[in-house]
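Engineer: what follows is a protein structure lacking sequence information:
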């Protein structure tokens, strides 16, 4: 059970970005988004996070607990050592054996990304089921949750950055472009051609996948979007997903408390 005065640091380490959130009880008091660097050392993490806390007039001593979801295993050691050295605590890593409160009905649950588990836990807690989470990260993932709160499975497709980089790297004359919604579908120069193809290609691919998933899960299925590129997509999607930028962090907060041993009453 959450204590409204308890404070935790939650860290979501993705392949492209690392997102940190500082919670007091259920309230997200600060959120930071950093580039994921596989070369960052224990001290670099510690100093960086310390500086972020200082800018928000917080102190590392304010943190009572820490939970980490990481899909970049080489960084786990540095993060664990950072927690011990700078926060004087053992962090909880989401992985096999972590209590999530959700049945994972896939062939190999241990292969599930910790961020996707956190997304599913938060989506069911906040919106109920059936629901689908679309997370716009390095990959675009779709996670399907049943009316009973069971994780049913999902879909993985290439992310926006991957598609844009592949187009740039595999062609001789096409430039890198900013990913944004173009002024019109029919481009009138090379850059607008690419922007239209990337933007509407992603929007239509996501809508098409949601059409198929909702046909299986039912018309009452709620759709929630999260991830760095989600704000650019939701307005153009036919499914009009609910935008929830803190969904993954909220899921980690819930998982943290579900793994705390209840206190015995005398």
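Structural biologist: Looks like it came in fine. Keep in mind that what you see is a predicted model, and the values were worked out from it rather than measured.
Engineer: tell me where the model's unsure across this protein.
Structural biologist: 1-2, 261-266 (pLDDT under 70).
Engineer: please parse it into its domains.
Structural biologist: Domains of the chain are assigned by automatic domain parsing as 7-93, 109-251.
Engineer: and those domains: which comes nearest residue 258?
Structural biologist: Nearest to residue 258, of all the domains of the chain, is domain 109-251, at 8.4 Å by C-beta to C-beta. C-beta here means a position set from N, CA and C on the backbone, and glycine is covered the same way.
Engineer: ends of that closest one, what's the gap?
Structural biologist: End-to-end distance for domain 109-251: 17 Å, by C-alpha to C-alpha, to the nearest Å.
Engineer: just how off-centre is it within its chain?
Structural biologist: Counting by C-alpha atoms, centre = their mean, to the nearest Å, domain 109-251 is centred 11 Å from the centre of its parent chain.
Engineer: need the next SSE after the longest helix along the chain, C-terminal direction.
Structural biologist: With secondary structure taken from DSSP state H, the chain has its longest helix at helix 190-217. Counting by DSSP states H and E, the next helix or strand C-terminal to helix 190-217 is strand 222-226.
Engineer: may I see the buried residues of the longest helix of the chain?
Structural biologist: 192, 194-199, 202-203, 206, 209-210, 213-214, 217 (16 or more other C-beta atoms under 10 Å).
Engineer: would TSV of the domains of the chain with distance to residue 102 be doable?
Structural biologist: Below are the domains of the chain laid out as TSV (distance: least, C-beta to C-beta, whole Å):
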stretch	distance to residue 102
domain 7-93	14
domain 109-251	5
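Engineer: would you map the helices across the stretch 1-150 of the chain?
Structural biologist: Using DSSP state H, counting those that start in this stretch, the helices of the stretch 1-150 of the chain run over 42-55, 76-87, 114-127.
Engineer: okay, those helices, which one's buried deepest?
Structural biologist: helix 114-127 (a mean of 24; mean count of other C-beta atoms under 10 Å).
Engineer: need the contact partners of that one.
Structural biologist: The contact list for helix 114-127, computed with C-beta atoms under 8 Å, 6 or more residues apart in numbering, reads 12, 14, 69-71, 93-95, 100-102, 104, 131, 133, 135, 137, 141, 143, 145, 149, 151, 154, 222, 224, 226, 242, 244, 247-252, 254-255.
Engineer: if you set the cut-off to 7 Å instead, what comes out?
Structural biologist: Contacts to helix 114-127, defined as C-beta atoms under 7 Å, 6 or more residues apart in numbering, come from residues 12, 14, 69-71, 94-95, 100-102, 131, 133, 135, 141, 143, 145, 149, 151, 222, 224, 226, 247-248, 250-252, 254-255.
Engineer: could I have the buried ones of the residues you listed as PyMOL selection syntax?
Structural biologist: Per 16+ other C-beta under 10 Å, the buried members of the contacts of helix 114-127 correspond to this PyMOL selection:
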select buried, resi 12+14+69+70+71+94+100+102+131+133+135+141+143+145+149+151+222+224+226+247+248+250+251+252+254+255
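Engineer: redo the helices of the stretch 1-150 of the chain as TSV? Include distance to residue 160.
Structural biologist: TSV is the format used below for the helices of the stretch 1-150 of the chain (distance: least, C-beta to C-beta, whole Å):
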stretch	distance to residue 160
helix 42-55	26
helix 76-87	26
helix 114-127	17
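Engineer: nearest to residue 169, out of the ones you listed?
Structural biologist: helix 114-127 (26.2 Å).
Engineer: and that closest one with strand 222-226, angle?
Structural biologist: Between helix 114-127 and strand 222-226, the angle comes out at 130 degrees (axes from the mean of the first three to the mean of the last three C-alpha atoms, to 10 degrees).
Engineer: so which of the helices of the stretch 1-150 of the chain is nearest residue 23?
Structural biologist: Minimum separation from residue 23 across the helices of the stretch 1-150 of the chain (C-beta to C-beta) falls at helix 114-127, 12.5 Å.
Engineer: if anything else comes up later, I'll come back, but that's it for now.
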